[in-house]
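S.K.: Build me a structure from this.
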Amino acid sequence: MRRSTALFIFIGLLFAAIGAYFSAQRLAPDPAQASAVERLLAQTLPDAHGQPQALSAWRGKPMIVNFWATWCAPCVQEMPELSALQAEISPRGIQLLGIGIDSADNIAAFAARYRIAYPLFAAGVSGTELTRAFGNQAGGLPYTVLIGADGQVKKTYLGRLKIDKLRADLSLM
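M.R.: Here you go, the predicted model:
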């Protein structure tokens, strides 16, 4: 009896491990398309005040691009940490940009309510296509991309950021 119970537990754990492995593989972002950074920098998006801004202004600068939405709880939860990070990395010339997969009105209302220390832009639904170009085939949010000054994607993150991991990865910039 004990031997069969131990066997069932082992088999259960084995299948759980296999399921976790395939789940992680399925949710891992694909590599970014070669044209993803150029597509991003070709955008002119309304900022949090509704003013159109050309993202090409950040060409040649290291960036952290955070795709988010006002209705995404993990996105909103990580924003205070990202604001603090922007103050920390600004002297190093690294710029954080928030690209909202939301309406310009929602982004403006959010920005008025919360003090975010980095530029926010409204990309609407077309922002989802941008995330896919960066390898986010699942379409999940938040989605964050590290882009070096050379215009190359250094790393992508799907889901709520672990800020300490992001800080460590900034050495890739």
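
S.K.: From the structure, what's the count of residues near Tyr143?
M.R.: Neighbour count of Tyr143, defined by other Cβ atoms under 10 Å: 27. Every residue, glycine included, has its C-beta placed from N, CA and C.

S.K.: Specify the beta-bridge partners of it.
M.R.: Phe67, Leu158 (DSSP bridges).

S.K.: from here on, count from 547
M.R.: All set: I'll call the first residue 547, so the last point we hit is now Tyr689.

S.K.: Model confidence at it, what's the number?
M.R.: Looking at Tyr689, its pLDDT reads 97.

S.K.: right, and it touches Thr677 too?
M.R.: Yes. With contact defined as Cβ atoms under 8 Å, Tyr689 reaches Thr677; the gap is 4.9 Å.

S.K.: What residues does Gly646 make contact with?
M.R.: Counting by Cβ atoms under 8 Å, 6 or more residues apart in numbering, Gly646 makes contact with Trp614, Ala615, Thr616, Asn652, Ile653, Phe656, Leu666, Phe667, Ala668, Ala669, Gly673.

S.K.: Phe656 now?
M.R.: Going by Cβ under 8 Å, 6+ apart, Phe656 touches Ala594, Thr616, Gly646, Asp648, Leu666.

S.K.: Arrange those in a markdown table, one row each, with pLDDT as further columns.
M.R.: Below are the contacts of Phe656 laid out as a markdown table (pLDDT from 0 to 100):
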| residue | pLDDT |
| --- | --- |
| Ala594 | 92 |
| Thr616 | 95 |
| Gly646 | 97 |
| Asp648 | 93 |
| Leu666 | 97 |
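
S.K.: Backbone dihedrals for Ser649, both of them.
M.R.: When read as degrees, to the nearest 10, the backbone of Ser649 gives phi -80, psi 160.

S.K.: count of residues packed around it?
M.R.: Using other Cβ under 10 Å, Ser649 has 15 neighbouring residues.
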